[in-house]
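[1] predicted model follows, preceded by the sequence.
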Amino acid sequence: MTYVIEAARPDDSAWLGPLLLRTWLQTYPNPEAEIDEDWIREHRGSSATAEGITQWREFIEAAHQQPDLLFCRVVRSGTEIVGVLCGRRDKVVTLGPMYLLDHVQGQGLGGRMMTEFLTWAGPTRICLWVTDYNDSAVRFYQRHGFEITGERELWQGKLPNIRMTREAASSINDS
């Protein structure tokens, strides 16, 4: 299978809302945290609605107008979008969201997207939030020079997230 990573196009917005919901349903159910399909649909289901798709379109259009401030790449497999990585530059660079469907993980696509993102971000501090029980994501970010800060949040009062940062002077090999 051939995968292409490229800048998101406005028409991709119709794929991205449903992709986000699908990846959440694959990634976040956790009985201990009382996160189930119903909770995910209640809190992330709007991403797949007309309103959520419109928000994606607006973000993508803004990224095209301000590529120095906003970043959005998609992974294509034929006509299907199977992954996304976005970010924004403000006082610090923030990474997220970053998702790949389960069936395409482990093929180097996340690393390729991260390399593009780190090149875009340049030598600056980068922050992200990751769900604390998403061990594979935490390890992935650590391989790319991110460290757990100890800062925590409960997204929507329930989903346990931890803050990770990558300092500008990271000596980690990003390839």
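    Thanks, I have the structure now. Residues are numbered from 1 along each chain as shown.

[2] middle-most residue in this protein, spatially?
    residue 98 (1.4 Å; CA atoms, centre = their mean).

[3] report the contact partners of that one.
    By CB atoms under 8 Å, 6 or more residues apart in numbering, residue 98 lies in contact with 84-86, 110, 113-114, 128. Every residue, glycine included, has its C-beta placed from N, CA and C.

[4] what of residue 4?
    Counting by CB under 8 Å, 6+ apart, residue 4 has contacts 75-76.

[5] per-residue confidence for it?
    On pLDDT, residue 4 comes in at 96.

[6] equivalent analysis for residue 174, please.
    47.

[7] numbering from 796 from now on, please.
    All set: I'll call the first residue 796, so the last point we hit is now residue 969.

[8] if we can go back for a sec, any idea which element the residue nearest to the centre of the chain lies in?
    For residue 893, the host element (DSSP states H and E) is strand 888-895.

[9] before we move on, what about residue 918?
    Per DSSP H and E: nothing holds residue 918, as it lies in no helix or strand.

[10] need the nearest residue in space to it, chain neighbours excluded.
    Spatial nearest neighbour of residue 918, excluding adjacent residues (CB to CB, 6 or more residues apart in numbering): residue 963 at 4.8 Å.

[11] wasn't that neighbour part of a helix?
    No: assigned with DSSP: H, G, I helix; E, B strand; the rest coil, residue 963 falls outside any helix and is coil.

[12] fine by me, we can end here.
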